[in-house]
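S.K.: return atomic coordinates for the entry below.
(chains A and B)
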Amino acid sequence: MKPILEVKNMTMDFGGLRAIDNLDLFIDKGEIVALIGPNGAGKTTFFNCITGIYTPTSGDVFIDPDGDGKKERINNLKPNLVTRRGLARTFQNIRLFSSMTVLENVMIGCHAVTKAGILGAIFRGPSTKAEENLIVEKSYNILEKIGLAKYVNELAVNLPYGAQRRLEIARAMATEPFLLLLDEPAAGMNPQETLELDALIMKLRDNEGISILLIEHDMKLVMSLSERIYVVDYGKKIGEGTPEDIRSNPVVIKAYLGEEIEEDA
Amino acid sequence: MTVKNELIKSILASIWFMFLTFPIMVIKVNTVTDTVEWRWYNMAVVGIGSFFISMLWRYLIRKKEEGSKKEKKDTVGPVQRILQDKKYFLPGIGAALLFTIFFPHIFSMYQTNIMISALIYVMLGLGLNIVIGLAGLLDLGYVAFFAVGAYSYALLNLHYGVTFWIALPLGGLIAAFFGIILGYPVLRLRGDYLAIVTLGFGEIIRLVLENWNEFSFGPSGIANIPKPGFFGFELSLQATTTFTFYIIVLLVLFTIFVINRLQNSRIGRAWSALKDDEVACQAMGIDKAKTKLRAFALGATWAGMGGVVFAAKTTFINPASFTIWESVIILCTVVLGGMGSIAGVMCGALLLILLPEYLRDFGEFRMITFGTVLVLMMVFRPGGIIENVRNTYKFEKSSQS
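M.R.: Next up, the predicted model:
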């Protein structure tokens, strides 16, 4: 089977700083893949490059939602168009629409897959009404799946921290993605919430058939969830493989823990 | 203890003011006799006056802070509650409608004319409210679209004899087109930078109108613009005024209807998402450029139509009617009334336009009063007269079958 996301030789320079250096990565359908690395390794930059917030200096990003070999290059697409192609993401620092309710946040996610225009909004014909009802119903169903249905009419900012993170996932789900990019979904969560998140991500993959690429620092979560792990440091890939491979990879351990200093050096 | 503190602060303030005003209020040089007059009496007035004003100010601030501590939970003010309660809302609207219908028959033509200008500003305020209140884009050159509308009618009529009723939608469309022209280059900007560029755009339009004599007849303007026609009948001046009044009332109602619909639609949601967080908004698949341009175009449309009515009402336009000052007034109506709130903006526009008209006797103090009121409003009611409570979608379990 062909990979659904393929990144080839991606490089991103900010002036003289090379944030991502010749990175290769692929994700197969239905996989959960983790991208780990020390702080400042370029993980979030990598996400931003894939989702169109930055345009990579060189390299290619291909997607192939059906896995049938028809690749599409998405390098220069605007973020909204990338989302419409089926790549949804969450943010490291929570970016919810704070003046809106939980339901409305998810309804915004439906924006990509609906199309009522100005005239539709003004005259509110039957098709617009039907679409609105559909959006509400769909949003509520997603909230139920993610386990946020009890907060439906609350303002998004009033939610507990863990729930806000899950709402970001719910919102991303509303865009009907085939690949979900999660940027530190467990950051700031307590152990109980992290366990729930683990179960949720598994459920999304198993029930919805969504592939997942996540950045995470919580090693327990990474090891239990992911099938493959990429390790980056200073923008370079320094390791790749199953959780077992990574755990025993000396280069990775060096990047994370540092090297022993020779006493006579 | 605290009272003592406040007293000391007020005394210090009054001393400071006495010192500041000393040269102009106390010393007076009599150039004829070459003597200096010391007017200590004035100093006492300044001192005592500023002491009491300072005390009052402190008292009000303190009361406000206590109030905000106490009722943080209850954010819905009394006005909103009345607006939401059908029991008060419907009779209120009915009374307002009756009053508007009979307004031109009860009051003189002068009053009706003032009301027409005020309603034009209501329309402008509501239009700008789309751009600022809903989409969160600070536009300081809004009057440019008003000018575009007015000149569209005046010029189309002059050259091609286009009547009011055709010019009305045309003016809206042309203004919307200009909205897109302005919107396109400023897509990347927001906040202060956007404000500066829009400010410049407003000035460009005015300067072009002022200097391009062949096109717009320069500062001398265009006269003899026909008033709105009524199926070809000749109407007396009184009747035309009444007719114009009804036209603008209908237009305002239409504006309210459309904005209300837009607010609670997919586009309205996209606007408020854009206002909250641009990056997240794009990540949700919303086209930032398209959404912003829609806001600019839809906002400008109302200004354009308002401009057509303005030109028809005054029958004479020149660039002096479209200065930056007008933009500021329209912005004030939105901010003072309550950003995003339709009722608030209407209230703000009526207040800001009608008050100065009826306060004409105050003459030179008009602007000072105006400034003071604005400052006080921002301190004590930062959300505006009628603060906007976003119409959130209430989900009910039963609606799901």
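S.K.: please enumerate the strands of the stretch 1-150 of chain A.
M.R.: Using DSSP state E, counting those that start in this stretch, the strands of the stretch 1-150 of chain A run over A:5-14, A:17-27, A:32-36, A:58-63, A:72-73, A:87-89.
S.K.: is it possible to get JSON lines of the ones you listed that adds mean neighbour count and mean pLDDT?
M.R.: Where C-beta positions appear, they are placed from N, C-alpha and C, glycine not excepted. Output for the strands of the stretch 1-150 of chain A, formatted as JSON lines (neighbours: other C-beta atoms under 10 Å in any protein chain shown; pLDDT from 0 to 100):
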{"stretch": "strand A:5-14", "mean neighbour count": "18", "mean pLDDT": "90"}
{"stretch": "strand A:17-27", "mean neighbour count": "18", "mean pLDDT": "90"}
{"stretch": "strand A:32-36", "mean neighbour count": "23", "mean pLDDT": "91"}
{"stretch": "strand A:58-63", "mean neighbour count": "18", "mean pLDDT": "89"}
{"stretch": "strand A:72-73", "mean neighbour count": "12", "mean pLDDT": "86"}
{"stretch": "strand A:87-89", "mean neighbour count": "28", "mean pLDDT": "90"}
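S.K.: and the chain, what are its domains?
M.R.: I went with chain A, as the question did not name one. A:1-86+A:177-265, A:97-167 (automatic domain parsing).
S.K.: my bad, the chain I had in mind was chain B
M.R.: If you go by automatic domain parsing, chain B breaks into B:2-70, B:107-380.
S.K.: returning to that earlier point: to B:K87, which of the domains of chain A lies closest?
M.R.: Counting by C-beta to C-beta, B:K87 lies closest to domain A:97-167 out of these; the figure is 23.8 Å.
S.K.: quick one: mean pLDDT for the closest one?
M.R.: Average pLDDT, domain A:97-167: 86.
S.K.: got the end-to-end distance for that domain?
M.R.: Domain A:97-167 has an end-to-end distance of 11 Å (C-alpha to C-alpha, to the nearest Å).
S.K.: report whether that domain contacts chain B.
M.R.: Yes. Judged by C-beta under 8 Å from any C-beta of the partner chain, domain A:97-167 and chain B are in contact via A:97-101, A:103-104, A:107-109, A:111-114, A:116-118, A:120-124, A:128, A:131-132, A:135-137, A:140, A:152-153, A:155.
S.K.: which of those fall within helices?
M.R.: Mapping the residues of domain A:97-167 next to chain B onto helices (DSSP state H) picks out A:103-104, A:107-109, A:118, A:120-123, A:128, A:131-132, A:135-137, A:140.
S.K.: closest point of the stretch 101-250 of chain A to chain B, which residue?
M.R.: A:A112 (2.7 Å; C-beta to the nearest C-beta).
S.K.: how many neighbours does that residue have?
M.R.: 23 (other C-beta atoms under 10 Å in any protein chain shown).
S.K.: likewise A:E131?
M.R.: 17.
S.K.: same question for B:L124.
M.R.: 32.
S.K.: okay, now residue 254: neighbour count?
M.R.: No chain was given, so I picked chain A. Count around A:K254 with other C-beta under 10 Å applied: 13.
S.K.: please refer instead to chain B.
M.R.: 13.
S.K.: tell me the SS of it?
M.R.: Here B:F254 is recorded as helix under DSSP: H, G, I helix; E, B strand; the rest coil.
S.K.: which ones are touching it?
M.R.: With contact set as C-beta atoms under 8 Å, 6 or more residues apart in numbering or on different chains, B:F254 has no partners.
S.K.: B:I120 too?
M.R.: By C-beta under 8 Å, 6+ apart, the neighbours of B:I120 are B:I248, B:G306, B:V309, B:F310, B:K313.
S.K.: same check, this time on B:G344
M.R.: Counted by C-beta under 8 Å, 6+ apart, B:G344 has contacts B:G337, B:G338, B:G384, B:I385, B:I386, B:E387, B:N388.
S.K.: redo these as CSV? Include distance to chain A.
M.R.: Formatted as CSV, those follow (distance: C-beta to the nearest C-beta, whole Å):
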residue, distance to chain A
B:G337, 19
B:G338, 14
B:G384, 15
B:I385, 20
B:I386, 17
B:E387, 13
B:N388, 10
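S.K.: excluding its backbone neighbours, what's nearest B:I256?
M.R.: Take B:I256 and drop its neighbours on the chain: the residue closest to it by C-beta to C-beta, 6 or more residues apart in numbering or on different chains is B:I342, 5.8 Å away.
S.K.: any idea of the pLDDT on the one you found?
M.R.: pLDDT, B:I342: 86.
S.K.: so it makes contact with B:G125?
M.R.: No. Contact criterion C-beta atoms under 8 Å: B:I342 and B:G125 do not qualify, at 9.5 Å.
S.K.: generate a PyMOL selection restricted to the buried entries among the residues of domain A:97-167 next to chain B.
M.R.: Typed into PyMOL, the line below selects the buried ones among the residues of domain A:97-167 next to chain B, using 16 or more other C-beta atoms under 10 Å in any protein chain shown:
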select buried, chain A and resi 97+99+100+101+103+104+107+108+109+111+112+114+116+118+120+121+122+128+131+132+135+136+140+152+155
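S.K.: one step back: out of the domains of chain B, nearest to A:N249?
M.R.: domain B:107-380 (32.6 Å).
S.K.: chain center to that closest one: distance?
M.R.: With C-alpha atoms, centre = their mean, to the nearest Å as the basis, domain B:107-380 stands 9 Å off its chain's centre.
S.K.: which one of the strands of the stretch 1-150 of chain A lies closest to chain B?
M.R.: Per C-beta to the nearest C-beta, nearest to chain B of these: strand A:87-89, 5.6 Å.
S.K.: distance between the closest one and the chain's centre?
M.R.: 5 Å.
S.K.: just give me the neighbour total for the closest residue to chain A within the stretch 1-150 of chain B.
M.R.: Residue nearest to chain A within the stretch 1-150 of chain B: B:G136 (10.1 Å; C-beta to the nearest C-beta). By other C-beta under 10 Å, 21 other residues sit near B:G136.
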